[in-house]
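**Q** how does the following fold in three dimensions:
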Amino acid sequence: MRPTAHDDTPRPSKTRLKAAMHELQGLGEELVNLSREQLKRMNLDEDLKEAVLEYQRIPRFEAKRRQLQYIGKLMRSLEPEPVRAALAAARGESAVEIARLHRLERLRDTLLEDEATLHDIARDLPGADLTRLRQLRRAAVKERLENRPPKHLRALFRALKEADAAQEASPPSASSPLESPE
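**A** Reported below is the predicted structural model:
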């Protein structure tokens, strides 16, 4: 007598399962190639994050291969979409990250046109080093006038990006103007 199936959903083939496992291991490979700072900013499972950091400490090829397989195994027990989204953000591929970078570019350009923009930056990014931003702005304007490579322009963008990242990482304060009193 043959057992009857209660559900009509076909099981995935071995080939599809194997392809899915390889794809998850590929995500793990992308994770191990990130810097420690990028990993710290990602909201990953603690075991997975520790396994990735351990991989980065291992010097020998065979041990790295085994650790990568372990990372793939951990990935199979997790939901892969948050990891994919975090990797896309780290690569700058997510729409939110691209919009953030465009906003910072506009802020940099506005700052180059008018130094009074520093007051807005002080209000919006309270952790920003205004003295450093002012110095970088003046150096960027000078190098633009002298048709030199945009070294300080890039440094100004990086400083704005760091200040914005620090602002997003900090928890909202009790006296935040964005919160409504109840």
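**Q** the residue positioned nearest the centre of the chain: what's it in contact with?
**A** Central residue of the chain (Cα atoms, centre = their mean): residue 90, 3.3 Å from the mean position. For residue 90, the contact set (Cβ atoms under 8 Å, 6 or more residues apart in numbering) comprises 34, 38, 41, 42. Every C-beta, even on glycine, is put in place using the N, C-alpha and C of the backbone.
**Q** please pick the buried ones from the residues you listed.
**A** Among those, those classed as buried by 16 or more other Cβ atoms under 10 Å are 34, 41, 42.
**Q** domain parsing for the chain?
**A** The domain map for the chain lists 16-91, 95-169, with the assignment taken from automatic domain parsing.
**Q** pLDDT below threshold where in this protein?
**A** Along the chain, segments meeting pLDDT under 70 span 1-8, 92-94, 169-182.
**Q** ok, now with 90
**A** 1-56, 58-61, 64-65, 67-69, 71-102, 115-128, 150, 161-182 (pLDDT under 90).
**Q** ok, and the closest non-adjacent residue to residue 143?
**A** residue 152 (5.5 Å; Cβ to Cβ, 6 or more residues apart in numbering).
**Q** I'd say the one you found and residue 145 touch.
**A** No - counting by Cβ atoms under 8 Å, residue 152 stays clear of residue 145, with 11.8 Å between them.
**Q** and those two? Which one has more around it.
**A** With neighbours defined as other Cβ atoms under 10 Å, residue 152 and residue 145 compare such that residue 152 has more, 20 against 8.
**Q** can you lay out the buried ones among the contacts of residue 90 as TSV showing secondary structure and distance to residue 14?
**A** Formatted as TSV, these follow (DSSP: H, G, I helix; E, B strand; the rest coil; distance: Cβ to Cβ, whole Å):
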residue	secondary structure	distance to residue 14
34	coil	31
41	helix	37
42	coil	32
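**Q** got CSV for the residues you listed, with distance to residue 55 too?
**A** Below are the buried ones among the contacts of residue 90 laid out as CSV (distance: Cβ to Cβ, whole Å):
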residue, distance to residue 55
34, 11
41, 18
42, 15
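**Q** list just the nearest of the residues you listed to residue 132.
**A** Taking Cβ to Cβ as the measure, residue 41 is the one of these closest to residue 132, at 21.8 Å.
**Q** the contacts of residue 90: which two are farthest apart?
**A** The span of the contacts of residue 90, defined through Cβ to Cβ, is set by 34 and 41 at 9.5 Å.
**Q** for the strand or helix carrying residue 106, what is the distance to the chain centroid?
**A** Residue 106 is part of helix 95-113, with elements assigned from DSSP states H and E. Relative to its chain's centre, helix 95-113 lies at 17 Å (Cα atoms, centre = their mean, to the nearest Å).
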